[in-house]
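Participant: Sequence first, predicted coordinates after that:
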Amino acid sequence: MKKLLYIGNNLSHSGKTQTTIETLSKSLRQEGYEVFTYSNKSNKVLRLFDMLFAILKHSKTIDYVLIDTYSTSNFYYAFLSSLFCHFLNLKYIPILHGGNLPNRLKTNPRLSKVIFCKSFKNIAPSNYIKYEFEKLGYNNIDSIPNSIEIEKYPFKEKDFKTVRLLWVRSFSELYNPLLAVQILKDLQKEKIEASLCMVGPDNDGSLERTKDYAKKLNVKVKFTGKLSKPDWIKLSNDYNIFINTTNFDNMPVSVIEAMALGLPIISTNVGGLPFLIENGAEGVLVAPNNPAEFVMAIKNLQSNTENTRQMVFKARNKVNNFDWQIVKNLWIRVLE
């Protein structure tokens, strides 16, 4: 069976959210692949050198290098790793996670061509990224969605007597967590009985800013910090609407998971979300940074329970196709 080297931010041990490098590598190992993962170094400079050293260390024995590729500063990890792979004549496969990657193609066209034109294959977790890359002339690209193990997500119908909002993400300015607090405040201003739980670790200081904002608005928000997957799935039983407030996004696993659990989704209409959710049929998409549209959508979900019920069933049916037992065949086709 093939041997793989997987380059990415393997940082859940230091309190960060678990990313694809951990979930996908585990799944590939279950299919018989030998997978080496780098790097778990917290320091960014040490992490980069650890990644490059790993490529050199395993260059004689591996078949492919998988490289998690984001639109932020981690973009340069992917650039240097792909450059090193090219120098060593290794087949490498960028996995295109960043929701703002299409903008990176425009602002760094030369670096982007080095990464994506010389790769063995580029993998887009969403048709949004595939579409945007192909629009700019990149054709060596396949779409393989982020996967889940569907049997671990029990589908449960909800009641909507009160509004119980759930937000699950790392606390980052990119994901606009302050908006969730504002939505809660606006609901309460309209005398709607509502609560909010926010799950996730801090990424850039946004957690404390969000807590301070909740105090300023005088609203009570439950902050759990980082939770394990089983723990937040269990927690989801107590909530009935999932809100995704991000300003940029690709194909967020937390939204896919919420769809699997039977939580109706209200999300900003950005990036890959309209490629994941059919507005009005599988969830509700609203303008970014617009609490009034979120509040209106929440009220509609609460007052039109039969429509909401049909919506969550359609959403669950869609994400059934993201089960690893289906998605794995797409990866095997690329790697074999």
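Facilitator: That came in fine, so what should we check first?

Participant: give me the low-pLDDT residue ranges for this structure?
Facilitator: 14-15 (pLDDT under 70).

Participant: mind listing what the residue nearest to Y131 when sequence neighbours are not counted touches?
Facilitator: The shortest distance from Y131 to any non-neighbouring residue, by C-beta to C-beta, 6 or more residues apart in numbering, is to F275 (7.6 Å). (Glycine included, C-beta is placed from N, CA and C.) Contacts for F275 (C-beta atoms under 8 Å, 6 or more residues apart in numbering) come out as 126-128, 131, 251.

Participant: and those, which are buried?
Facilitator: By neighbour count, with 16 or more other C-beta atoms under 10 Å, these hold 126, 128, 251 as buried.

Participant: mind giving me the domain split of this structure?
Facilitator: Residue ranges for the domains of the chain, per automatic domain parsing: 3-144, 150-321.

Participant: Which among those is found nearest to V334?
Facilitator: Set against V334 and scored by C-beta to C-beta, the domains of the chain come closest in domain 3-144, at 5.7 Å.

Participant: Span of the closest one from start to end?
Facilitator: 20 Å (C-alpha to C-alpha, to the nearest Å).

Participant: any idea how far it is from the chain center?
Facilitator: Offset of domain 3-144 from its chain centre (C-alpha atoms, centre = their mean, to the nearest Å): 15 Å.

Participant: thinking again about what came up before, mind checking which of the contacts of F275 land in helices?
Facilitator: Using DSSP state H, the subset of the contacts of F275 located in helices is 127-128, 131.

Participant: Tabulate those residues (TSV), appending distance to L88.
Facilitator: Formatted as TSV, the ones in helices among the contacts of F275 follow (distance: C-beta to C-beta, whole Å):
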residue	distance to L88
N127	32
Y128	32
Y131	32
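
Participant: which one of the residues you listed sits closest to A54?
Facilitator: Within those, proximity to A54 (C-beta to C-beta) peaks at Y128, which comes in at 30.3 Å.

Participant: Can you give me the distance of the closest one to Y38?
Facilitator: In this view, Y128 and Y38 are 28 Å apart by C-beta to C-beta, to the nearest Å.

Participant: cool, P154 as well?
Facilitator: For P154 relative to Y38 (C-beta to C-beta), the value is 35 Å.

Participant: neighbour count winner among those two?
Facilitator: Y38 (22 against 13; other C-beta atoms under 10 Å).

Participant: Next, count neighbours for the closest residue to the more buried one other than its chain neighbours.
Facilitator: Spatial nearest neighbour of Y38, excluding adjacent residues (C-beta to C-beta, 6+ apart): A54 at 4.0 Å. Neighbourhood size, A54 [other C-beta under 10 Å]: 21.
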